[in-house]
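1. when you get a sec, could you give me coordinates for this:
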Amino acid sequence: MIARCTLAALIALTTAQTPARANQPSPDLGQSIAADQPLTTGRAELSTGHVDLGPRYVDNRWTLLIHDGTQAQPVWRNPDETVLRVSDTALQTVPDDPEYAFLGVDAGERVYVVPQVQHPDVVWLGWNTQDPRVMQSIDRGVTLTLLGVHGPGTLTTYLQPGNFAAPQPLWRSTEPKTQPFWFEVNTHTHANWVFTAPGVYLIAVQVSADLINGETVSATRTLRFAVGDATSTDEAYAATADIPVPAGQASPVGDRTEAAEPVGDPVTLRIGLVALAALLATGLVLLLLRGRGARRQAEREGRTSGGDR
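-> Residues are numbered from 1 along each chain as shown. Modelled structure (predicted):
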């Protein structure tokens, strides 16, 4: 059963227009991330242990990576090379409780749940803003946005507050709109991820932030899930999907990697454009002045010529 007593976090219901705010949910999620944790290459299937989504700079470019804490020495991984396995151990029964109607599944049905509180035999997926450079560069926090889901069933991500409060939906793949939420710098949070059917799921996610230098950065990545023991890892790697961008969302999504330009380049570009505009304006003024001077000279010469006749 999806037991509310095993879930802890706090967030308001997300809307596409105004990102909700996610707060630090429990004292058990304290962690720190070293600046020198490497970005490893090569394919990996993560089926148990601690995993987070998180923004990071790679070659001075803002992007979204997977922080793999399933081993003694944590590493960062490329989402394109990582499959998140949700095994049959994750199967749970939807409770007979109207508070869970937002799942869109009848009570008593079995669904796959990556739980908010760690289960030793199920991957434990959350998110963080704890990379040292990220913490130094972002203004106040980060917006994480669901852009779209491609899979055999639906995805719902929700947080369960303590004190017997009602569950609070965060992402629902059935919603025809982008679904952002905002969380502070140096935050580490986990949620419930509910999949209604086994198979391969591709989930397009965008991470964006305002920087202390006044710039905005954004990147879109695609997460790969293999749900159910019978789902092939190779199938998950081979899967492609042209996930449509909901109305009002300009960023391209799908299986492509998108990273923002290096921090500082937009400022340089703007300075260059301003300087170019100033030069063009100066040139235009000089051209106008020369044109007027030429006309006046022509008029004087005309008057002089007329007087000589």
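
2. mind listing the helices for the stretch 151-300 of the chain?
-> With DSSP state H, counting those that start in this stretch as the criterion, the stretch 151-300 of the chain has helices at 233-238, 265-308.

3. for the stretch 101-250 of the chain, which spans come out with low pLDDT?
-> Low-confidence regions of the stretch 101-250 of the chain, defined by pLDDT under 70, span residues 244-250.

4. and the helices of the stretch 151-300 of the chain, which one is worst for confidence?
-> Note on the helices of the stretch 151-300 of the chain: helix 265-308 shows the lowest mean pLDDT, a mean of 51.

5. wait, Ile33 sits on Asn128?
-> Yes. Here Ile33 reaches Asn128: they are 7.2 Å apart, a contact under C-beta atoms under 8 Å. In short, each C-beta sits where N, CA and C put it, glycine included.

6. check which residues of stretch 204-221 are buried.
-> Within stretch 204-221, the residues scored as buried using 16 or more other C-beta atoms under 10 Å are 204-209, 211, 215, 217-221.

7. closest to Gln92 out of those residues?
-> Checking these against Gln92 with C-beta to C-beta, the nearest one is Val205 at 23.7 Å.

8. wait, isn't the closest one in contact with Ala219?
-> No. Taking contacts as C-beta under 8 Å, Val205 lies outside contact range of Ala219: 9.3 Å.

9. what sits in contact with each of these two?
-> Common contact partners of Val205 and Ala219 (C-beta atoms under 8 Å, 6 or more residues apart in numbering): Leu64.

10. tell me the strands beside the helix or strand where Leu146 lies, with direction?
-> Using DSSP states H and E, the element containing Leu146 is strand 141-150. Under the criterion DSSP bridges, strand 141-150 sits next to strand 179-184 (antiparallel), strand 199-210 (antiparallel) in its sheet.

11. alpha carbons only: can I get the longest one in PDB?
-> Output of strand 199-210 as PDB, limited to C-alpha atoms (Å, rounded to 0.1, in the frame of the first residue of the first chain):
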ATOM      1  CA  GLY A 199       7.600  -0.700 -20.100                       C
ATOM      2  CA  VAL A 200      10.000   2.100 -21.200                       C
ATOM      3  CA  TYR A 201       9.300   5.700 -20.200                       C
ATOM      4  CA  LEU A 202      11.100   8.700 -21.600                       C
ATOM      5  CA  ILE A 203      10.600  11.800 -19.500                       C
ATOM      6  CA  ALA A 204      11.700  15.200 -20.800                       C
ATOM      7  CA  VAL A 205      12.700  17.600 -18.000                       C
ATOM      8  CA  GLN A 206      14.000  21.100 -18.100                       C
ATOM      9  CA  VAL A 207      16.200  22.800 -15.400                       C
ATOM     10  CA  SER A 208      16.500  26.600 -15.300                       C
ATOM     11  CA  ALA A 209      17.800  29.200 -12.900                       C
ATOM     12  CA  ASP A 210      18.500  32.900 -12.500                       C
END
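
12. neighbours of Leu159, how many?
-> Using other C-beta atoms under 10 Å, the number of residues around Leu159 comes to 25.

13. state the distance from it to Asp210.
-> 24 Å (C-beta to C-beta, to the nearest Å).

14. same question, Thr82
-> 28 Å.

15. what does Gln130 give?
-> 18 Å.

16. hey, what's in contact with both of Ile33 and Asn128?
-> Listed as contacting both Ile33 and Asn128 by C-beta under 8 Å, 6+ apart are Gly54, His67.

17. on that earlier part again, how about the strands paired with strand 141-150, which one is nearest His67?
-> His67 sits nearest to strand 199-210 of all the strands paired with strand 141-150, at 12.7 Å, using C-beta to C-beta.
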